[in-house]
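1. how does the following fold in three dimensions:
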Amino acid sequence: MGKFTSTKVFDGFSTVFRQWKANTTHCRFLHGYGVSFKVWFEGDLDERNWVWDFGGMKRAKTLIDGKFPKDWMDYMFDHTLICAEDDPALPDFRQLENIGIIQLRVIPATGAEKFAEYIYGKLNTFVREETEGRVRVKQIEFREHGKNSAIYAEEN
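-> Numbering: from 1, shown residues only. As a prediction, the model looks like this:
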């Protein structure tokens with residue numbers, strides 16, 4: 001018997017970041033995008049014949065970092081500046097946050113590939129718990145805009 005896959009796109013987020021190690025390109029400067037990400041849900045069907053309830057992020061009982069899933073997505077990606085935890089400018093960004101100029105979010109690393117991996121880790125844990133192991137996140141595609149994206153998927 002095969003597995004079913006469904007997908008959902010989450011969009012409408014305005015996010016600023018930089019890749020501070022990209023010292024030979026303009027990506028080392030702060031720049032922003034209207035970002036989105038697509039989630040592939042894989043698993044067995046529920047009693048409604050759904051892999052994943054497309055409105056499930058709004059109705060979920062399981063939290064991500066103490067927040068409901070949609071609230072977590074807004075907190076992380078909507079009008080935020082995302083900084084790598086090893087960025088040497090992090091103290092400066094913290095100062096901007098302290099005076100109310102930015103909403104700072106610090107994660108292990110930045111860039112489309114690392115965002116896809118970060119979201120995968122958060123959502124896969126959430127989805128497995130929410131569905132009691134019936135569904136997993138198969139992969140995440142993170143889009144900076146219409147032309148650039150990166151996909152993260154773990155090996156089966």
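
2. how far off centre is stretch 106-114?
-> The chain centre lies 10 Å from the centre of stretch 106-114; the measure is C-alpha atoms, centre = their mean, to the nearest Å.

3. name the residues of the biggest helix by length in the chain that come out as buried.
-> In the chain, assigned by DSSP state H, the helix with the most residues is helix 112-130. Neighbour-count burial for helix 112-130, counted by 16 or more other C-beta atoms under 10 Å, picks out 112, 114-120, 122-124, 126-128, 130. From N, CA and C alone the C-beta is placed, and that goes for glycine too.

4. please export the C-alpha coordinates of it as CSV.
-> Extracted in CSV, the C-alpha atoms of helix 112-130 (Å, rounded to 0.1, in the frame of the first residue of the first chain):
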residue,chain,number,x,y,z
ALA,A,112,17.2,29.7,1.8
GLU,A,113,18.7,26.3,2.3
LYS,A,114,19.2,26.8,6.0
PHE,A,115,15.7,28.3,6.4
ALA,A,116,14.2,25.2,4.7
GLU,A,117,16.1,23.0,7.1
TYR,A,118,15.1,25.0,10.1
ILE,A,119,11.4,25.0,9.1
TYR,A,120,11.6,21.3,8.4
GLY,A,121,12.8,20.5,11.9
LYS,A,122,10.2,22.6,13.6
LEU,A,123,7.2,21.5,11.4
ASN,A,124,8.1,17.8,11.2
THR,A,125,8.3,17.5,15.0
PHE,A,126,5.0,19.4,15.2
VAL,A,127,3.2,17.3,12.5
ARG,A,128,4.4,14.0,13.9
GLU,A,129,3.1,14.9,17.4
GLU,A,130,-0.1,16.4,16.2
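
5. can you give me the helices for this protein?
-> 56-59, 69-77, 90-98, 112-130.

6. find the nearest non-adjacent residue to Arg28, please.
-> Closest residue in space to Arg28, ignoring its immediate chain neighbours: Ala22 at 4.8 Å, by C-beta to C-beta, 6 or more residues apart in numbering.

7. Lys122 too?
-> That would be Ile64: by C-beta to C-beta, 6+ apart, it lies 5.4 Å from Lys122.

8. identify the residues contacting that neighbour.
-> Trp72, Lys122, Leu123, Thr125, Phe126 (C-beta atoms under 8 Å, 6 or more residues apart in numbering).

9. again with Glu130
-> Applying C-beta under 8 Å, 6+ apart to Glu130 gives the contacts Gly56, Ala60, Lys61, Thr62.
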